[in-house]
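S.K.: sharing a sequence plus its predicted fold:
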Amino acid sequence: MKLRIKMAEINISQKELSEATGIRPNTLGAYMNDTYKHITKEHLDILCKFFKCKVEDIVEYMEE
């Protein structure tokens, strides 16, 4: 996931992003560290709206 990159582009902290989006800090941490099991469509929608970007700007498909 490219969330950390998007956050760095606008210089926003995990706490600030959590407060702005309503996504729990622990959940954002899992997204940032690629330790999440799944990401909800709702969270993708919230993040895309917040960053004014497309899903592929946040999520990257990688084969295992």
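M.R.: The structure has been received and is ready for your questions.
S.K.: rest of the way, CA atoms for contacts and neighbours
M.R.: OK.
S.K.: all helices for the protein, in order.
M.R.: Per DSSP state H, the chain has helices spanning 3-9, 14-21, 25-32, 41-51. These are given in chain order.
S.K.: so which of these is the most packed in?
M.R.: helix 25-32 (a mean of 16; mean count of other C-alpha atoms under 10 Å).
S.K.: tell me what it is packed against?
M.R.: helix 3-9, helix 14-21 (3 or more C-alpha pairs under 8 Å, 6 or more residues apart in numbering; DSSP states H and E).
S.K.: include mean pLDDT and distance to V59 when you put the helices of the chain into a markdown table, please.
M.R.: Listed next are the helices of the chain as a markdown table, based on pLDDT from 0 to 100; distance: least, C-alpha to C-alpha, whole Å:
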| stretch | mean pLDDT | distance to V59 |
| --- | --- | --- |
| helix 3-9 | 95 | 8 |
| helix 14-21 | 98 | 17 |
| helix 25-32 | 95 | 10 |
| helix 41-51 | 98 | 9 |
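S.K.: quick one: which of these is nearest E64?
M.R.: helix 25-32 (17.4 Å; C-alpha to C-alpha).
S.K.: returning to what we had before: need the helices of the chain in TSV (columns: distance to Y61).
M.R.: Compiled in TSV, those are given as follows (distance: least, C-alpha to C-alpha, whole Å):
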stretch	distance to Y61
helix 3-9	14
helix 14-21	23
helix 25-32	14
helix 41-51	14
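S.K.: picking that back up, mind putting the helices and strands packed on helix 25-32 into JSON lines with distance to E60?
M.R.: Compiled in JSON lines, the helices and strands packed on helix 25-32 are given as follows (distance: least, C-alpha to C-alpha, whole Å):
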{"stretch": "helix 3-9", "distance to E60": "10"}
{"stretch": "helix 14-21", "distance to E60": "20"}
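S.K.: of those helices, which is nearest E56?
M.R.: E56 lies closest to helix 3-9 among the helices and strands packed on helix 25-32, at 10.8 Å (C-alpha to C-alpha).
S.K.: re earlier: which one of the helices and strands packed on helix 25-32 lies nearest to Y31?
M.R.: That would be helix 3-9 among these, by C-alpha to C-alpha, at 7.0 Å.
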